[in-house]
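*Asks:* Here's a sequence, model it:
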Amino acid sequence: MFRLQTLLLGAASALALTSAAQAQVLAAADAVDEVVVTARRPLAESVAAALEVQRNSDSLVSVLSADAVGNLPDQNIAFAVGRLPGVAVQRDQGQARYVNLRGAPVYWTTLSFDGLSVVSPQGRDSRFDNIPSAIASQILVEKAITPNLAGASVAGNIDIRTRRAFDYKGRTITGKAGFGHVELGDGDEIDTNLVYSDLFAGDTIGVVLQGSYYKREMATDNWETDPYLSNTVDPSKRFAREHENKHYRLTRENYSGSLRVDYKPDDNNDIFLSSIYTMFHDDELRDNFIWRLDQGTDAAGASYTSAAYINANNPQFGTSYGARINARIDYRDSEEEMSTTTVGGEHSWDGWDVSWRLNYTFTSDGRNTPVTAAFQSPSSFLLRPTVEYDLRNGDVNTVKLFQTLGTTGARVRGAQVRNIEDFAFPATSFGQLKGADLTQATTAKTDITRETELFGRSTKVQFGGLYTDREKKSRETSWSTSTFAGGAPTWGAFATDQAYLGTQNLNYTFRYTDKDFTTNYMNNLIRTGVATVQDTSGNFYRVGEQLGALYAMGTTNLDWGNVVYGARVERVKNTGEAFVAFPTGTRLVKTSSEDTIVYPSVHLNWNVRSDVKARFSLTTSASRPDFDDLRPNFVINDAAQTISGGNPDARPERQLGLDAYVEWYRGPAGFVSAGLFYKDVSDVLVRTSRSFASDALNTPGLDRTGYSFTGIGNAGDGYLRGLELAYVANAQDFVDNNNLPQWLGGFGINTTATFTDSEVNLPSVGGVPARTISLLGTSDAVYNVQLTYENYGLSVRLAYQYRTPWGESVGEYRVANGQMIPVDNGDIFWDADEEIDLSVRYQVNDHLEAFFDGANLGNQGSRRYGGTSAYPIEFEKFGRRFIGGVRFKF
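*Replies:* Numbering: from 1, shown residues only. Prediction:
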């Protein structure tokens, strides 16, 4: 059965555990094998296999098997792990992208394939939407790190275990073909994958080939109202500078391919080659209309930002006479690529286990923009609209457009205008950008293990080392023009008659732009020399990182459990170079820094009973500045004696973590756990102001070491603490014990809850007093509830996810009249997020399964606000998605 094979995949991925634990896990998988054949409950048995891996781990982990990934509408890894305890996701266009582990910032979570760390194309903010779940046989979320893991795994590490041919029984072909519909935008959804596995040369050579393709066409309902302008006339009134509609048309695609070849001449030796390629393609068309309310006046001609306007008007509902239209066309055709190739081996020689890896990884974070065009109203207020803004709802901010009549000091609202093209807003510029951030890394890693005795106790001793050489650089070319032969074109020159794809009541009509025509127009501007190459040298940077690590650890077995202890030492050297503009010209600036950090840790695993385990951990870790933060792209202002930009001398954030968990394993598929966690944080990377204190920018006759520097730096400290709960059960035992009808035994539940609290102290910057905020990414509460039913070949799962608001970014503030007021939006937050998904499976026979998935069934919107929820700055909806098809195994 296909289910049986995927469960064996999950068990085989226990290679990271102790040898004894591996044997227990494989034995458990065999037991699961028998139940699946008779009971046909693949969801419950997949949970059982995952729990067995978790139970035998020597550290705190959560596990997801491949079959559990396949039985929810979980196209990418972020969606998949979002079902696990302590995990919350951040979405983009309704698609899970980033992972917050136990309330921590996204950059505290690291990514690895088969135990080898890699850097995401975006940097240390690991993205998981560009990794299709189809490549995984098992996913381990390692929450309390041991010395053999990277010191940068502050919140934890997500290890993606890929498939091996020896996990299958001979030649095996599995796959999936799904086709569906996206409600918003009336688009198609395609989800396919294929896996081929076989053994050769007397079962000594194993080959696995995998490929997947995913596509989704959609539109987005969107409005944005920001920033809310602060004033000293009446600080309680903050008027929005502008209101905007971004009319998205999107096509998103994921490609993946992987190959693994193993040569296993005997039970003691395995040499392999593994290559993984993933690509995330985002074809995003934006037609934007912006109403600059601050460019209008009241009826008497008083400026929108004047005391007269502020005193007489309502910031939530009012009128701006002669407001300006700013329109934009932005076509983004970005590709995020990741290619990682590893040669490695596992060997057992005379009581020694040796593991080695050689890896090369290349990533590209593309940002191609085939067209970026700006349009703007003329200067005469009579040619601009009078805009009635209605921001009272907070979820449905709208505007109405009217003619502007009268004179400068006596403006009159005329008739309502429904077609936005009735107003003039000719083009002011056209441009194109081709660029990407490129990262390449070479890694060598060795781990050595030996079972021995220490202090009279059976002890597994491990030690090893790692060396990684990474480089990230920016590559960019852009063209632009603000002159046009024959006069500036209008919006209508690029428009089509395609019907509106959204559902908002806009109070106006518009036309989408034609992608092919507009792109060809821009390309022709380049070919004819009208659009010229721009100087983008100021955006260039190259940052290098050489990391060397050594570790030693022991796992000592005791009568009541075991203790895992040891330390890791990492030495890192960073180099950077970038072009900086000086008064005498642009020159290349080079910087370097290095540090050494020791990471001790200890884990205690106590077998309270045969079915109850208590875990206690003390860990240390450090989150290094992202590559972008280390680049020396400085901006110098000699007149003001200031410098701003990146900070090559930024140090890692330091953390000390404590964990205390109790796990109760109630049968093969039942589980209850409760855990407390705490992290003490120091040297938090925040925006700081200090003396530059470096001679890197000095020039003959001019010493800039005493200039005031503003940028990222180490200044904050704080904590993160929380409670994590999990409960997994099915009704079968209750039904059997009470002689109830067997069909009732198919019901089950899998639910988790995480409650977190955090605090970071921010220093005083630019006269703004010190203040306290929550860590970015911390929600007060995160809930996951999954209700299941499995019987008679039918598997149904209804999943619900909810998280309370969380911080996205730290904003700037200033002091006026003794009050701290935001510059623009101030701190930005995401409002509460929820999603409901449905998955239905029916096992037709041992080779074929039909499925149907429904995603985002509640069509919950995503809402951002600045400072407090009283100031919503963005609201989006993405629509429901439905897909059905077959999965097969031969």
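
*Asks:* Kindly list the main-chain dihedrals of the nearest residue to Val810 once chain neighbours are set aside?
*Replies:* Nearest non-adjacent residue to Val810, counting by C-beta to C-beta, 6 or more residues apart in numbering: Asp827, 5.8 Å away. The way it works is simple: take the backbone N, C-alpha and C, and place the C-beta from them, glycine included. Backbone geometry at Asp827, expressed as degrees, to the nearest 10, gives phi -70, psi 140.

*Asks:* same check, this time on Ala549
*Replies:* phi -140, psi 140.

*Asks:* Would you state the helices of this structure in chain order?
*Replies:* Secondary structure of the chain (DSSP state H): helices located at 2-12, 19-39, 42-56, 66-70, 77-81, 307-312, 515-527, 627-630, 732-737.

*Asks:* Can you verify my assumption that the residue nearest to Val810 contacts Trp806?
*Replies:* No: look at Asp827 against Trp806 with C-beta atoms under 8 Å: they stay out of range, at 11.2 Å.

*Asks:* Those two: which has the busier surroundings?
*Replies:* Legend: neighbour count by other C-beta atoms under 10 Å for Asp827 and Trp806, higher for Trp806 (25 against 20).

*Asks:* Okay, and the beta partners of that one?
*Replies:* Beta-bridge partners for Trp806, by DSSP bridges, are Trp830.

*Asks:* what about Arg418, how many neighbours?
*Replies:* Neighbour tally, Arg418, other C-beta under 10 Å: 12.

*Asks:* and it, what is it in contact with?
*Replies:* Contacts of Arg418 were listed using C-beta atoms under 8 Å, 6 or more residues apart in numbering, and they are Leu401, Asn507, Tyr508, Thr509.

*Asks:* Buried among those? Make that a PyMOL selection.
*Replies:* Command for PyMOL, covering only those of these found buried under the criterion 16 or more other C-beta atoms under 10 Å:
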select buried, resi 401+508
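
*Asks:* would you list the contacts of Arg418 in TSV and tack on distance to Tyr107 and pLDDT?
*Replies:* Formatted as TSV, the contacts of Arg418 follow (distance: C-beta to C-beta, whole Å; pLDDT from 0 to 100):
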residue	distance to Tyr107	pLDDT
Leu401	43	98
Asn507	41	97
Tyr508	41	97
Thr509	43	97
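
*Asks:* Quick check: of the contacts of Arg418, which lies closest to Gln801?
*Replies:* The closest of the contacts of Arg418 to Gln801 turns out to be Asn507 (C-beta to C-beta; 33.6 Å).

*Asks:* Do I have it right that that closest one meets Lys400?
*Replies:* Yes: with contacts counted by C-beta under 8 Å, Asn507 reaches Lys400, the gap being 4.7 Å.

*Asks:* What pLDDT is listed against Ser126?
*Replies:* We have a pLDDT of 88 for Ser126.

*Asks:* Would you agree it is in contact with Leu101?
*Replies:* No: counting by C-beta under 8 Å, Leu101 is not a contact partner of Ser126; they are 10.6 Å apart.

*Asks:* what sits in contact with each of the two?
*Replies:* With C-beta under 8 Å, 6+ apart as the test, Ser126 and Leu101 both reach Thr109.

*Asks:* Centre-most residue in this structure?
*Replies:* Tyr98 (1.9 Å; C-alpha atoms, centre = their mean).

*Asks:* Please name the residues that touch Phe851.
*Replies:* Each residue near Phe851 by C-beta under 8 Å, 6+ apart is listed here: Asn71, Gly178, Ser839, Val840, Arg841, Tyr842, Gly884, Gly885, Val886, Arg887.

*Asks:* how many neighbours does the closest residue to Ile145 other than its chain neighbours have?
*Replies:* Once flanking residues are discounted, Ile145 sits nearest to Ser153: 4.6 Å by C-beta to C-beta, 6+ apart. Ser153 is flanked by 27 other residues according to other C-beta under 10 Å.

*Asks:* How much space separates Ser153 from Glu217?
*Replies:* Ser153 is 37 Å from Glu217, where distance means C-beta to C-beta, to the nearest Å.

*Asks:* again with Arg83
*Replies:* Distance, Arg83 to Glu217, using C-beta to C-beta: 26 Å.

*Asks:* Which one of the two is surrounded by more residues?
*Replies:* Using other C-beta under 10 Å as the criterion, Arg83 and Glu217 rank with Arg83 on top: 22 against 19.

*Asks:* Val399 versus the more buried one, what's the distance?
*Replies:* For Arg83 relative to Val399 (C-beta to C-beta), the value is 40 Å.

*Asks:* so for the longest strand seen in the chain, what's the average pLDDT?
*Replies:* Identified as the longest strand of the chain according to DSSP state E is strand 427-454. Per-region confidence: strand 427-454 scores 96 on mean pLDDT.

*Asks:* Adjacent strands (with direction) for that strand?
*Replies:* Going by DSSP bridges, the partners of strand 427-454 are strand 352-366 (antiparallel), strand 369-376 (antiparallel), strand 457-481 (antiparallel).

*Asks:* Flag every buried residue along it.
*Replies:* Neighbour count says strand 427-454 has 427, 429-433, 435-441, 443, 445, 447-449, 451 buried, by 16+ other C-beta under 10 Å.

*Asks:* Kindly report the same for stretch 862-879.
*Replies:* 862-867, 871-879.

*Asks:* again, but for stretch 485-500
*Replies:* Residues of stretch 485-500 classed as buried: Ala488, Trp491, Phe494, Ala495 (neighbour count, 16+ other C-beta under 10 Å).

*Asks:* Now do the contacts for the closest residue to the last one other than its chain neighbours.
*Replies:* Just to be clear, that refers to Ala495. Leaving aside its chain neighbours, Ala495 sits nearest to Arg511 (3.7 Å; criterion: C-beta to C-beta, 6+ apart). With contact taken as C-beta under 8 Å, 6+ apart, Arg511 is in contact with Glu421, Trp491, Gly492, Ala495, Thr496, Asp497, Gln498.
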